[in-house]
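J.: How does the following fold in three dimensions:
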Amino acid sequence: MASFNKFKNVLMLAFDWILYGAGVAGHCRVTVAQPRFQQADSSMNVSLTCSFSASGCSSSQPDVLWFRFLTNTHQGLCTPGCTDHQKYKVHSSGTNILLQIKDLTEEDSAVYICGIAFSDSESPFSKQTGDGTVLTVTG
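T.: Below is the predicted model of the structure:
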């Protein structure tokens, strides 16, 4: 788990750097929640949930990013612009974000992390990630 926490800290720095912008909402604060564990059968589809709350932020839609942590690396996944023919698709409705994963295999077992950012804010709390959902795919 220490390795995961190290990767999460690196991810937060990268997330901040990528989405940093001069902003209008200086007191913006975001919190992100994800379930800790989810199990699914292979050859099925699964939806991982992420919800967020924001206070003092602009009324603009936040940027949403999903990351997947494997044993020794992380991988950026799609944003809400994904199309139906891709393995990953993001659905958002207000403060609820779903990552749909199609045609699961055991190789999809990983830690999936949702990130939310109000990039028009300078507040250090305007860009946050969830703690991650451990997805276990069984054969």
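
J.: dump the residue contacts of the spatially most central residue of the chain.
T.: In the chain, the residue lying closest to the centroid (CA atoms, centre = their mean) is Cys114, at 1.3 Å. Contacts for Cys114 (CB atoms under 8 Å, 6 or more residues apart in numbering) come out as Val32, Gln34, Leu48, Cys50, Phe52, Val64, Leu65, Trp66, Ile97, Leu99, Thr129, Gly130. (C-beta placed from N, C-alpha, C; glycine too.)

J.: what pairs with the fourth one across the strands?
T.: Think Cys50. When bridges are called by DSSP bridges, Cys50 pairs up with Ile97.

J.: Which pLDDT value belongs to the residue nearest to the centre of the chain?
T.: Cys114 carries a pLDDT score of 94 in this model.

J.: How about it, nearest residue that isn't a chain neighbour?
T.: Using CB to CB, 6 or more residues apart in numbering and skipping residues adjacent in sequence, the residue nearest Cys114 is Cys50, 3.4 Å away.

J.: Contacts only, for that neighbour.
T.: Neighbours of Cys50 in contact, by CB under 8 Å, 6+ apart: Val32, Ala33, Gln34, Trp66, Asn96, Ile97, Leu98, Leu99, Cys114, Ile116, Gly130.

J.: just the buried members of these?
T.: Val32, Gln34, Trp66, Ile97, Leu98, Leu99, Cys114, Ile116, Gly130 (16 or more other CB atoms under 10 Å).

J.: of all those residues, which comes closest to Ala40?
T.: Nearest to Ala40 among the buried ones among the contacts of Cys50 is Leu99, at 12.3 Å by CB to CB.

J.: Am I right that that closest one is in contact with Ser92?
T.: No: Leu99 lies out of contact with Ser92 (CB atoms under 8 Å); the separation is 10.1 Å.

J.: Okay, and the residue nearest to the centre of the chain sits in which element?
T.: Here Cys114, judged by DSSP states H and E, is contained in strand 110-117.

J.: neighbouring strands for that strand, and are they parallel or not?
T.: Strand 110-117 pairs in its sheet with strand 63-69 (antiparallel), strand 127-129 (antiparallel), strand 133-138 (antiparallel), by DSSP bridges.
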